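J.: With the input below, show me the fold.
(one chain, ligands or ions: 1)
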Amino acid sequence: MATLIDGKAFAASLRERIAGETAGFTAKTGRKPGLAVVLVGEDAASQVYVRSKHKACIAAGMESFEHRLPADTAEADLLSLVAQLNGDARVDGILVQLPLPEGMDENAVIQAIDPDKDVDGFTTASAGRLLTGLPGFVACTPLGCLMLLKDALGDLSGKSAVVIGRSNIVGKPMAQLLLRESCTVTIAHSRTRDLPETVRGADIVVAAVGRPEMVKGDWLKPGATVIDVGINRVPGEEEGKTRLVGDVDFASAKDVAGAITPVPGGVGPMTIACLLHNTLDAACRREGVDRTAL
Ligand code: NDP
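T.: So this is what the prediction gives:
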């Protein structure tokens, strides 16, 4: 039976550590780190995420600036809000909640964020910095996966890793992070010819596909470390109820893997913790504060 990688507990201790560092930052600079979150429209899931981010900021001792705009906001007005936040000294991190209402150019809005405040790591500048090894912000979900992997395995150098999925927000930055840790990285996707065989060679498997329980136990190398990014809602046992499952078939994978993240309670809780981590990093860089000394 695999060891469970408890993302919930790891995220809670990370948030506690960040709260301590944040207090140190505030004592040193006389101001709190600030995160601005922009929500356009009424998307129900986005409202829940924005509320959670706000609460997490406050709990960590950070300033949270919420900007809620109606769905019919003109793109030019949204762009001028982003420009205003770029210039606001109290704001260290800017997050524009996606998806934006139909008709808005998401890419144009994201690219308008100052890369030094891009705590979501979605701008091309951030992606390029990751690719070329320059300091910058890494998207929160893959960053959280990497933290869990390093906690479970220590040094990742020389390990073979398969990332299933090549999205800009999860798969690609995940693969770059693993490469940066000197893993030998394979990126698999919907055109990969023999996915089970590809996965079988890996010491580390990161599944970010969006297909419920796709990765089976008999695809895994015995003892592999499995990070399941997937969040899929499927019909539950009781009629009318749903339950969350990952992209990995936990029931069969747990008997083969050496360590595995559950869903829920694995990668999910790491995302907001990493957003706070990035926001504090942004604040420290802007103020020239050495975070390791906090
Ligand atoms: P995308 O839909 O953007 O990307 C999915 C990737 O999976 C694509 O690269 C696609 O390949 C690949 N894929 C699809 N079908 C197959 C298949 N049969 N075999 C191999 N590869 C396949 O998804 P995201 O990256 O945004 O998200 C992935 C999952 O992670 C989702 O379940 C999402 O809910 C979850 N997620 C969880 C987060 C968290 O906080 N825990 C945050 C973000 C996402 P191709 O490129 O060829 O189409």
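J.: Are we agreed that E238 is in a strand?
T.: No. Residue assignment for E238, taken from DSSP: H, G, I helix; E, B strand; the rest coil, gives coil, which places it outside any strand.
J.: what ranges do the helices span in the protein?
T.: Using DSSP state H, the helices found in the chain span residues 7-29, 44-59, 75-86, 106-111, 124-132, 140-153, 171-180, 195-200, 250-253, 268-287.
J.: Send me the shortest one as CSV with only the CA atoms.
T.: What follows is helix 250-253, C-alpha atoms only, in CSV (Å, rounded to 0.1, in the frame of the first residue of the first chain):
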residue,chain,number,x,y,z
PHE,A,250,-6.8,5.5,-6.8
ALA,A,251,-8.1,2.1,-5.9
SER,A,252,-5.7,0.2,-8.2
ALA,A,253,-2.9,2.7,-8.1
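J.: got a list of contacts for that helix?
T.: Contacting residues not belonging to helix 250-253 are listed as 2, 213, 215-218, 220, 226, 228, 260, 262-263 [CB atoms under 8 Å, 6 or more residues apart in numbering]. For the C-beta atoms, the positions are set from N, CA and C on the backbone; glycine is no exception.
J.: In TSV, list the helices of the chain along with mean neighbour count, distance to P235 and mean pLDDT.
T.: Formatted as TSV, the entries for the helices of the chain read as follows, by neighbours: other CB atoms under 10 Å; distance: least, CB to CB, whole Å; pLDDT from 0 to 100:
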stretch	mean neighbour count	distance to P235	mean pLDDT
helix 7-29	17	25	98
helix 44-59	15	19	96
helix 75-86	16	37	98
helix 106-111	15	31	98
helix 124-132	17	37	98
helix 140-153	22	25	98
helix 171-180	22	27	98
helix 195-200	16	25	98
helix 250-253	18	16	98
helix 268-287	24	20	98
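J.: if we can go back for a sec, return a PyMOL selection command for the buried portion of the contacts of helix 250-253.
T.: In PyMOL syntax, the buried subset of the contacts of helix 250-253 is picked out as below (16 or more other CB atoms under 10 Å):
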select buried, resi 2+213+215+217+220+226+228+260+262+263
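J.: Just the ones in strands from the contacts of helix 250-253, please.
T.: When the contacts of helix 250-253 are checked against strands (DSSP state E), the matches are 226, 228, 260.
J.: what's across from the second one in the sheet?
T.: According to DSSP bridges, the partner residues bridging D228 are A207.
J.: So it is in contact with D247, correct?
T.: Yes. Counting by CB atoms under 8 Å, D228 sits close enough to D247 to count as a contact (5.8 Å).
J.: Mutual contacts of those two, please.
T.: Common neighbours of D228 and D247 are listed as 207, 215 (criterion: CB under 8 Å, 6+ apart).
J.: how near is the closest residue to D249 other than its chain neighbours to the ligand?
T.: Residue nearest to D249 in three dimensions, not counting chain neighbours: E213, with 4.0 Å by CB to CB, 6 or more residues apart in numbering. Shown here: E213 relative to the ligand, a distance of 11 Å by CB to the nearest ligand atom, to the nearest Å.
J.: Just the pLDDT at E213, thanks.
T.: We note a pLDDT of 98 for E213 in this prediction.
J.: Please list all residues in contact with it.
T.: 232, 245-250.
J.: Equivalent analysis for I5, please.
T.: Residues near I5 by CB under 8 Å, 6+ apart: 148, 151-152, 225, 227, 259-262, 266.
J.: I94 and D116 touch, don't they?
T.: No. Counting by CB under 8 Å, I94 does not reach D116; the two are 9.9 Å apart.
J.: End to end on stretch 261-269, go ahead and measure it.
T.: Start to finish, the residues bounding stretch 261-269 are 11 Å apart (CA to CA, to the nearest Å).
J.: Could you give the number of residues near A89?
T.: Other residues near A89 number 8, with proximity taken as other CB atoms under 10 Å.
J.: now it: how far from T29?
T.: In this structure, A89 lies at 11 Å from T29, with CB to CB, to the nearest Å as the measure.
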